[in-house]
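1. just need the structure, nothing else, for what follows:
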Amino acid sequence: MNSNIVEQILQLRRNGMGMGAISKELGTSYIKVRYHCRKHNLSGVIANNLDASFETFLANIKNNHGNEVEYVSGYIDSEKPVLVRCIKCGDEFSRAAQFARKKSKVKCFNCENTKRNEHDQRNKEIKRLRRIILSEVIKVTSSLKEFKLNQCGECNKQFYSERKVRYCSSRCTKRKENRRKELKKRKARLNGHVDYSITIEKLIQKEKNVCYLCGGQCNVSDFYIDDRGSFIVGHNYPSIEHIIPISKGGTHSWDNVKLAHHYCNSIKSDRKIIEDTGQMVLMI
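-> Residues are numbered from 1 along each chain as shown. As a prediction, this is how the structure comes out:
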């Protein structure tokens, strides 16, 4: 940069003109003006404008941080640190004077440490109370002798119950039942062709809604839905019965299926039936 321009920058700065105004006045970049001012120790507030700058500083503190800190001493210019006091705790600490122009919250180290310590103490108290409550629960649970410790046959989770049960929840029971049904279907596929056209509605029409095990009429309305939305069937609800059980090599085809009450089907299970005497007899 031309030495004459540098001299003009320094002279204007000594007269109290701001760096931005000098940049516009001489048509040069603000960065170059700031560089030469700092090089000759002319940055910050010039003595001619010190009083006005200090008043602006105090006004900024009052408007932006009036509820957080108050000025104590040490103002020289906007780039030097000043001493301020926290209104909440009274602790004094230094900050660069530029903070007064910003609206972001001024953090007091003493207040932050106090808040952090309170948070840690609160967490310790919560953990202590949690340990006490857990120990009391264990004592109460151990005193309930009528509750038995069981192990779920599906998820291997240990749980307490009034009687000995195999599964810890209805979810595990359904998972076990669904897997059993799937294995049964796979067994049926291994036994031979699976006729997917077989439905309970078609079987009711074919068998005239008569249970082939007891000779009674089936009732498609013998069911109800509980509060959880589960479909619960009664004794007389119709079901598909395999004459030769799937587990014994039977197939899922029309010549091996009959209509039966849900209750009768449950009693028969996977046993075969003898019809020689005219009365159906279960094979044990």
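2. use CA for all of it now, contacts and neighbours both
-> Fine.
3. state the number of residues packed around the nearest residue to residue 243 once chain neighbours are set aside.
-> Once flanking residues are discounted, residue 243 sits nearest to residue 256: 5.3 Å by C-alpha to C-alpha, 6 or more residues apart in numbering. The tally of other residues near residue 256 (other C-alpha atoms under 10 Å) stands at 14.
4. in the lengthiest helix in the chain, what's buried?
-> Ranked by residue count under DSSP state H, the longest helix found in the chain is helix 109-143. The neighbour-count check on helix 109-143 (16 or more other C-alpha atoms under 10 Å) flags residue 110 as buried.
5. could you export whichever helix or strand comes after it as PDB, CA atoms only?
-> Heading C-terminal from helix 109-143, the first helix or strand you meet, by DSSP states H and E, is strand 148-151. Extracted in PDB, the C-alpha atoms of strand 148-151 (Å, rounded to 0.1, in the frame of the first residue of the first chain):
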ATOM      1  CA  LYS A 148     -43.200 -69.400  43.100                       C
ATOM      2  CA  LEU A 149     -40.200 -68.700  41.000                       C
ATOM      3  CA  ASN A 150     -40.600 -70.100  37.500                       C
ATOM      4  CA  GLN A 151     -38.600 -70.100  34.300                       C
END
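6. residues touching strand 148-151, excluding its own?
-> Contact with strand 148-151 is made by 157-168, as judged by C-alpha atoms under 8 Å, 6 or more residues apart in numbering.
7. ChimeraX command to pick out the buried ones of the residues you listed?
-> Buried residues among the contacts of strand 148-151 (16+ other C-alpha under 10 Å), as a ChimeraX selection:
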select :160,165,167,168
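8. distance to residue 127 and pLDDT added to the contacts of strand 148-151, as TSV?
-> Shown next, in TSV, are these (distance: C-alpha to C-alpha, whole Å; pLDDT from 0 to 100):
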residue	distance to residue 127	pLDDT
157	26	80
158	25	82
159	25	79
160	26	76
161	29	76
162	31	72
163	34	73
164	35	77
165	34	79
166	35	82
167	33	83
168	29	83
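9. can you give me the strands in this protein?
-> 69-73, 81-86, 92-96, 148-151, 158-161, 223-225, 231-233, 238-242, 257-261, 273-274, 281-282 (DSSP state E).
10. to residue 205, which of those lies closest?
-> strand 257-261 (9.7 Å; C-alpha to C-alpha).
11. name the helices or strands packed onto that closest one?
-> helix 200-207, strand 238-242 (3 or more C-alpha pairs under 8 Å, 6 or more residues apart in numbering; DSSP states H and E).
12. ranking those by burial, who's on top?
-> strand 238-242 (a mean of 23; mean count of other C-alpha atoms under 10 Å).
13. okay, the angle between the longest helix of the chain and strand 92-96?
-> 120 degrees (axes from the mean of the first three to the mean of the last three C-alpha atoms, to 10 degrees).
14. next one: residue 125 from residue 134, what distance?
-> 14 Å (C-alpha to C-alpha, to the nearest Å).
15. please tell me I have it right and residue 86 contacts residue 66.
-> No. Look at residue 86 against residue 66 with C-alpha atoms under 8 Å: they stay out of range, at 10.2 Å.
16. so where's the chain uncertain?
-> 1, 16, 44-51, 139-147, 179, 182-191, 193, 196, 272-284 (pLDDT under 70).
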